[in-house]
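[1] this is a predicted model, with the sequence first.
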Amino acid sequence: MTFQELRIIPPILQELTNEKYEQPTPIQEAAIPAILDGRDILASAQTGTGKTAAFAVPTLQLLNKDISYQQDKKRPIRSLILTPTRELALQIYENYCSYSRGLKIRTVVIFGGVPQKPQEKDLAGDVDILVATPGRLLDLIKQGFINLRQVEILILDEADRMLDMGFIHDVKKILNYTPEKKQTLLFSATMPPQVADLASSLLIDPYRIEIEPETTTVEAIEQSLYFVDKANKRKLLRDLLQTLDIESALVFTRTKHGADRIVKELDRKGIKAIAIHGNKSQNARVRALNAFKKRQVRVLVATDIAARGLDIDNLSHVFNFDLPEIPESYVHRIGRTGRAGKTGIAIAFCDIEERKLLRDIERFIGTEIPVVKEHNYPAVSVIAKPKQAKGGQNKTSSGSKSYNKQKNRGGSYSRSNNQRKSGSKQRVSGKNRSANWK
């Protein structure tokens, strides 16, 4: 299928061509026609499957149909996109601006961590589309700078992450400022019970889409595993960065302090690196990300929250310096490389305390990660004492304990029961990659 077959108007088609989009990804192929038909959407799709264009392109087309250009009247906000992080908000904003170059539609982005005055100035003009993080949006609504009563299309992006970050109550408050009658699109990488509850209270006869990228991600990326003692992880990372042919590397660590320590260690050895995490100011985070994208630094060290939704072209390597506690996060992390049909390499470190996390990850992805045995810092606990391992075996395969993906937190935003309908559903394998995995 081509973008022309999705009934996209010529000005947007031209911008997709300029952005080198060749053919729709599965999420775009499934979502765009349904959104253009005015359907509510419930989509399970991870970052990297092309979902931003899946909702941005049809949203722009719908708003462009009957946009008003009355010079004596300010245009109202007609579409709101809620997203959990500043980086993802900026990324979505940039994509909207790219797709709408041939249209007279104005998009504005707001987020916390920066001075409010420039955002007030942006909001003073015509705003057709607003991209926002929940906290700053709620502040500006209460101060009278934003009116959402004419929103026609509401988009909740990364809904599960907004719940994880504690934004659920802010989201529910924001929803009360929007009209009851609107088209609602909800996108989430996972579908824990609280997201399902939120969806059932918001969506009317939703069109359901499930993109299953896990197998595709695993197949597209060359993975390897190093057993290493915790004290030697930084030394091993330094050695690999110095000896392997690594153009750019995104390193995931569990803590902010750990990210800073890695950067200091690498800098001492002449390896340019920079950290991005929640303790950094917004300006510092933007500068760090831009420096990495422009290849001014070769290594970006990040925590999960800071790296959520990062879209980095031609990223060659991802390092799991610390294994994530949630198996889905492993797939999300390594999915930062191997995008747009390109190859990618993912390297994981595992110390003795992370063996349970490794078993959960391998159970989730359905395969054992190949182990690299020959390196300068083999784990003493694995090499020298195999008989003391639990069960008398040194396993990297999945264990027997079940994994509870999410805890059910919080309630749901209520709406009358006669509006809670199951809707239609489409499962998409996600195996056909193209050049626009944003």
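    Received the coordinates, thanks.

[2] please make it C-alpha for all contacts and neighbour counts, starting now.
    Noted.

[3] so, low pLDDT: which residues of the protein?
    Where the chain drops to pLDDT under 70, the residues are 46-48, 68-72, 212-219, 282, 305-311, 339-342, 381-438.

[4] can you give me the strands in it?
    Under the criterion DSSP state E, the chain contains strands at 41-44, 79-82, 107-110, 129-132, 153-156, 183-188, 207-211, 221-227, 249-252, 273-276, 299-302, 317-320, 344-350, 424-428.

[5] which helices and strands does the second one pack with?
    Going back to what we said before, that points to strand 79-82. With contacts defined as 3 or more CA pairs under 8 Å, 6 or more residues apart in numbering; DSSP states H and E, strand 79-82 has these neighbours: strand 129-132, strand 153-156.

[6] contact partners of it?
    Counting by CA atoms under 8 Å, 6 or more residues apart in numbering, the neighbours of strand 79-82 from elsewhere in the structure are 59, 128-134, 151-157.

[7] just the helices in the stretch 151-300 of the chain please.
    Residue ranges of the helices in the stretch 151-300 of the chain, as given by DSSP state H, counting those that start in this stretch, are 159-164, 168-175, 193-202, 214-220, 233-243, 256-268, 282-293.

[8] dump the ones you listed into CSV; add mean neighbour count and distance to Ala249 as well.
    Shown next, in CSV, are these (neighbours: other CA atoms under 10 Å; distance: least, CA to CA, whole Å):
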stretch, mean neighbour count, distance to Ala249
helix 159-164, 21, 24
helix 168-175, 17, 33
helix 193-202, 20, 33
helix 214-220, 18, 17
helix 233-243, 16, 8
helix 256-268, 17, 12
helix 282-293, 17, 9
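
[9] most neighbours per residue, which of the helices and strands packed on strand 79-82?
    Mean neighbours per residue, mean count of other CA atoms under 10 Å, is largest over the helices and strands packed on strand 79-82 for strand 129-132, with a mean of 25.

[10] who are the packing partners of it?
    Right, strand 129-132 is packed against strand 79-82, helix 86-99, strand 107-110 by 3+ CA pairs under 8 Å, 6+ apart.

[11] how distant is the first one from the center of its chain?
    Pointing back at strand 79-82 there. What separates the centre of strand 79-82 from the centre of its chain is 16 Å, taken as CA atoms, centre = their mean, to the nearest Å.

[12] coming back round to it: reformat the strands of the chain as CSV; add distance to Asp197.
    Formatted as CSV, the strands of the chain follow (distance: least, CA to CA, whole Å):
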stretch, distance to Asp197
strand 41-44, 12
strand 79-82, 18
strand 107-110, 27
strand 129-132, 23
strand 153-156, 14
strand 183-188, 12
strand 207-211, 15
strand 221-227, 34
strand 249-252, 31
strand 273-276, 33
strand 299-302, 31
strand 317-320, 32
strand 344-350, 35
strand 424-428, 17
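
[13] tell me who's in contact with Leu300.
    Listed by CA under 8 Å, 6+ apart, the contact set of Leu300 reads Ala249, Leu250, Val251, Ala273, Ile274, Ala275, Ile276, Ala288, Leu289, Phe292.

[14] which of the residues you listed are buried?
    Ala249, Leu250, Val251, Ala273, Ile274, Ala275, Ile276, Ala288, Leu289, Phe292 (16 or more other CA atoms under 10 Å).

[15] ok, now how distant is the fifth one from Arg287?
    Going back to what we said before, that points to Ile274. Relative to Arg287, Ile274 is positioned 10 Å away (CA to CA, to the nearest Å).

[16] again with the first one
    Counting by CA to CA, the gap from Ala249 to Arg287 is 17 Å.

[17] before we move on, back to that, quick one: closest of the helices and strands packed on strand 79-82 to Ile35.
    Among the helices and strands packed on strand 79-82, strand 153-156 comes nearest to Ile35, with 9.8 Å by CA to CA.

[18] now the closest one: how far from the chain's centre is it?
    16 Å.

[19] neighbouring contacts of that strand?
    With contacts defined as CA under 8 Å, 6+ apart, strand 153-156 is touched by 59, 78-83, 182-187.

[20] partner strands of it, parallel or antiparallel?
    Sheet pairing of strand 153-156 (DSSP bridges) gives strand 79-82 (parallel), strand 183-188 (parallel).

[21] so for Ile361, which of the ones you listed sits nearest?
    That would be strand 183-188 among these, by CA to CA, at 20.0 Å.

[22] quick one, domains of this protein?
    4-206+421-428, 215-392 (automatic domain parsing).

[23] returning to that earlier point: got a markdown table for the helices and strands packed on strand 79-82, with distance to Asn376 too?
    Output for the helices and strands packed on strand 79-82, formatted as a markdown table (distance: least, CA to CA, whole Å):
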| stretch | distance to Asn376 |
| --- | --- |
| strand 129-132 | 47 |
| strand 153-156 | 46 |
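
[24] for these, which one sits closest to Ile221?
    Nearest of these (CA to CA): strand 153-156, 29.1 Å.

[25] only alpha carbons, please: show the closest one as PDB.
    What follows is strand 153-156, C-alpha atoms only, in PDB (Å, rounded to 0.1, in the frame of the first residue of the first chain):
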ATOM      1  CA  ILE A 153      -9.600  15.800  18.400                       C
ATOM      2  CA  LEU A 154      -7.900  14.700  21.600                       C
ATOM      3  CA  ILE A 155      -4.800  12.400  21.400                       C
ATOM      4  CA  LEU A 156      -3.300  10.700  24.400                       C
END
